[in-house]
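Trainee: Below are the sequence and a predicted model for it; my questions follow.
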Amino acid sequence: MMLTYQDVANEAMKLSPEERMNLAEKLWTSVDTPEAIAAAWDVEIERRLAQIDSGEAETYPADEVIAELRAKLQ
């Protein structure tokens with residue numbers, strides 16, 4: 001019997017978060033080469049930096065973000 005996409009997805013969701021991350025990385029690299037992935041990240045990094053430089057994106061200090069998240073999780 002051939003597994004369907006949904007069968008595989010359902011089984012994958014039973015994995016631990018770390019196992020799912022590893023699986024996602026393995027699947028992603030099976031579609032694109034590491035070089036293509038790195039190039040895509042380079043483009044994304046440049047886009048985000050341009051947004052910050054132009055004022056389109058607002059940044060926040062990491063300690064403030066972490067404190068806010070900790071407060072929400074308590």
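Mentor: Noted; the coordinates are in hand. Numbering: from 1, shown residues only.

Trainee: longest single helix anywhere in this structure?
Mentor: Ranked by residue count under DSSP state H, the longest helix found in the chain is helix 34-54.

Trainee: now the very next helix or strand once past that one: mean pLDDT?
Mentor: Using DSSP states H and E, the next helix or strand after helix 34-54 towards the C-terminus is helix 62-73. In this model, helix 62-73 has a mean pLDDT of 96.

Trainee: Name the secondary structure element that contains Q6.
Mentor: Q6 belongs to helix 5-12, assigned by DSSP H and E.

Trainee: Look up how far R20 lies from K14.
Mentor: Here K14 is placed at a distance of 9 Å from R20 (CB to CB, to the nearest Å). Yep, even glycine has a C-beta here, placed from its N, CA and C like the rest.

Trainee: still on that earlier bit, only alpha carbons, please: show the longest helix of the chain as CSV.
Mentor: C-alpha atoms of helix 34-54 as CSV (Å, rounded to 0.1, in the frame of the first residue of the first chain):
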residue,chain,number,x,y,z
PRO,A,34,22.7,23.9,0.1
GLU,A,35,24.1,26.6,-2.2
ALA,A,36,20.6,27.6,-3.4
ILE,A,37,19.4,27.7,0.1
ALA,A,38,22.3,29.9,1.2
ALA,A,39,21.7,32.2,-1.8
ALA,A,40,18.0,32.5,-0.9
TRP,A,41,18.9,33.5,2.6
ASP,A,42,21.4,36.0,1.3
VAL,A,43,18.6,37.6,-0.7
GLU,A,44,16.3,37.6,2.3
ILE,A,45,18.9,39.1,4.6
GLU,A,46,19.5,41.9,2.2
ARG,A,47,15.8,42.5,1.9
ARG,A,48,15.4,42.7,5.7
LEU,A,49,18.4,45.0,6.1
ALA,A,50,17.0,47.3,3.5
GLN,A,51,13.7,47.4,5.4
ILE,A,52,15.5,48.3,8.6
ASP,A,53,17.6,51.0,6.8
SER,A,54,14.6,52.6,5.2
